[in-house]
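Engineer: next come a sequence and a model predicted from it.
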Amino acid sequence: MIRVSTKFDRPDPELVERLGAYSSATIHEAQGRLGALDSSIKPVDHRMSLCGPAFTVQCAPRDNLMLQTAIAYARPGDVVVVSGGAYTEAGSFGDVLANACQSKGLAGLVTDTGVRDTEDLRALGFPVFSHSVCIKGTVKETVGPMCEPITVGGQLVRPGDVIRADADGVVVVRREDAAEVATASQERVDAETGYIAAYRAGRTVIDICNLEPLLAAKGLVIED
Ligand SMILES: O=C([O-])CC(=O)C(=O)O
Ligand SMILES: [Mg+2]
């Protein structure tokens, strides 16, 4: 017998909302360039984005039994994070399951395997981030872990960690670091807003980034 528990601590919803205000790239930078899932995991529509606690599940390759089970037990606001062993030649999720997720109020799905029915997923607007798009169907045979730490896109994802994803990619934030990362993200946005204002006012990259001493120290002489 395999026992799984669906009980885990979720982050404060206000904290999730705060992180959702920042882009995946900003969060990745703000937490010291950590947490980015492999860049091959991308939205099926660039307008899709999500932010929510991870509800993790491990599937056997080309088998979506546990993914279906996870959808049944995930809570509104959760992001279902699926490892299918990075098996690309399977369409483990499509518009039928997306309707099940959306009607439950789930925040989205992230997977290192494939999805299908992408035209319908785009029309539905349920946020789906996948490693591949593949028409090949899956079986429902293998039980496995749910709400346990898994590896997806080269990153460890634990249940309750915060997943933020947008057109640029997917980043995971440790639940215990979420408040600190939100603050650091705001600091980064403030700094970047300052850079943009300075560039628009006509200042140069050399000036703003103080590149002259750096380039000179590296022995670069520019004849302009
Ligand atoms: O049926 C499946 O297993 C996956 C799929 O295509 C859907 O959810 O529409
Ligand atoms: Mg389908």
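Structural biologist: That came in fine, so what should we check first? Numbering: from 1, shown residues only. Ligands and ions are numbered 1, 2, ... in the order given.
Engineer: following the longest helix belonging to the chain, which helix or strand comes up?
Structural biologist: Counting by DSSP state H, the longest helix found in the chain is helix 178-200. Next in sequence after helix 178-200, counting helices and strands by DSSP states H and E, comes helix 205-208.
Engineer: so who does the residue of the chain found nearest ligand 2 touch?
Structural biologist: Going by CB to the ion, ligand 2 is nearest to residue 94 of the chain, at 3.1 Å. All C-beta atoms are positioned from the backbone trio N, CA, C, and that covers glycine. By CB atoms under 8 Å, 6 or more residues apart in numbering, residue 94 lies in contact with 115-117, 120-121.
Engineer: swap in residue 9?
Structural biologist: Residues in contact with residue 9 (CB under 8 Å, 6+ apart) are 160, 175.
Engineer: for residue 151, give me its contacts.
Structural biologist: Going by CB under 8 Å, 6+ apart, the list of residues near residue 151 reads 83, 157.
Engineer: residues from this protein in reach of ligand 2?
Structural biologist: Selection of the chain residues close to ligand 2 by CB under 5 Å from the ion yields 94, 96, 117.
Engineer: export these to TSV and append columns for secondary structure, distance to residue 62 and pLDDT.
Structural biologist: As requested, those are exported to TSV (DSSP: H, G, I helix; E, B strand; the rest coil; distance: CB to CB, whole Å; pLDDT from 0 to 100):
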residue	secondary structure	distance to residue 62	pLDDT
94	coil	14	98
96	helix	17	98
117	coil	17	98
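Engineer: any idea which of the residues you listed is closest to residue 61?
Structural biologist: residue 94 (17.1 Å; CB to CB).
Engineer: how much space between that closest one and residue 14?
Structural biologist: To residue 14, residue 94 is 33 Å away according to CB to CB, to the nearest Å.
Engineer: next: residue 67.
Structural biologist: Taken as CB to CB, the span from residue 67 to residue 14 is 29 Å.
Engineer: gap between whichever residue of the chain sits closest to ligand 1 and residue 223?
Structural biologist: Nearest residue of the chain to ligand 1 (CB to the nearest ligand atom) works out as residue 94 at 2.7 Å. According to CB to CB, residue 94 and residue 223 sit 59 Å apart.
Engineer: of residue 67 and residue 14, which one has the most company?
Structural biologist: Neighbours were counted for residue 67 and for residue 14 using other CB atoms under 10 Å; residue 67 has more, 25 against 9.
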